[in-house]
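> heads up, no residue letters with this:
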């Protein structure tokens, strides 16, 4: 999984994106937009997942698709 530091960077990137878009708040879509770039290299794939051609992008996409947005 991603480290606590990764969640800090995810939060900072989502806040920066919201700011650049002129938003006063961070919305779930902001987090989804930056998640792949922030987390891609932080997810370590097991040998079993590699053998099944599962990538870190696949895992992140699956998480983003299954976690409900408040």
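Looks like it came in fine. Because the structure is predicted, anything quoted here is derived from the model rather than measured.
> Show me what the helix or strand encompassing residue 12 is packed against.
In this assignment (DSSP states H and E), residue 12 forms part of helix 4-20. Packing contacts for helix 4-20, counted by 3 or more C-beta pairs under 8 Å, 6 or more residues apart in numbering; DSSP states H and E, involve helix 28-39. (Glycine included, C-beta is placed from N, CA and C.)
> Touching the helix holding residue 12 from outside, list them.
Residues from elsewhere that reach helix 4-20 (C-beta atoms under 8 Å, 6 or more residues apart in numbering): 2, 24-27, 30-31, 33-35, 37-39, 42.
> Just the buried ones from those residues?
Buried members of the contacts of helix 4-20, scored by 16 or more other C-beta atoms under 10 Å, are 2, 26, 30-31, 34-35, 38-39, 42.
> Pull the number of nearby residues for residue 60.
Using other C-beta atoms under 10 Å as the criterion, residue 60 is surrounded by 20 other residues.
> farthest pair in the contacts of helix 4-20?
For the contacts of helix 4-20, with distances taken as C-beta to C-beta, the pair at the greatest spread is 24 and 42 (28.5 Å).
> Export the contacts of helix 4-20 as a markdown table, with columns for distance to residue 51.
Formatted as a markdown table, the entries for the contacts of helix 4-20 read as follows, by distance: C-beta to C-beta, whole Å:
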| residue | distance to residue 51 |
| --- | --- |
| 2 | 22 |
| 24 | 46 |
| 25 | 42 |
| 26 | 37 |
| 27 | 38 |
| 30 | 35 |
| 31 | 31 |
| 33 | 31 |
| 34 | 30 |
| 35 | 25 |
| 37 | 26 |
| 38 | 26 |
| 39 | 22 |
| 42 | 21 |
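> Can you tell me which of the residues you listed comes closest to residue 59?
Sorting the contacts of helix 4-20 by how near they are to residue 59, with C-beta to C-beta, puts residue 39 at the top with 8.8 Å.
> residues contacting residue 37?
Shown in contact with residue 37 (C-beta under 8 Å, 6+ apart): residue 13.
> any idea which residue sits dead centre in the chain?
Central residue check for the chain by C-alpha atoms, centre = their mean: the C-alpha nearest the mean position is that of residue 35, 2.4 Å away.
> What are the buried residues along the helix holding residue 12?
By neighbour count with 16+ other C-beta under 10 Å, helix 4-20 contains the buried residues 6, 9-10, 13-15, 17-18.
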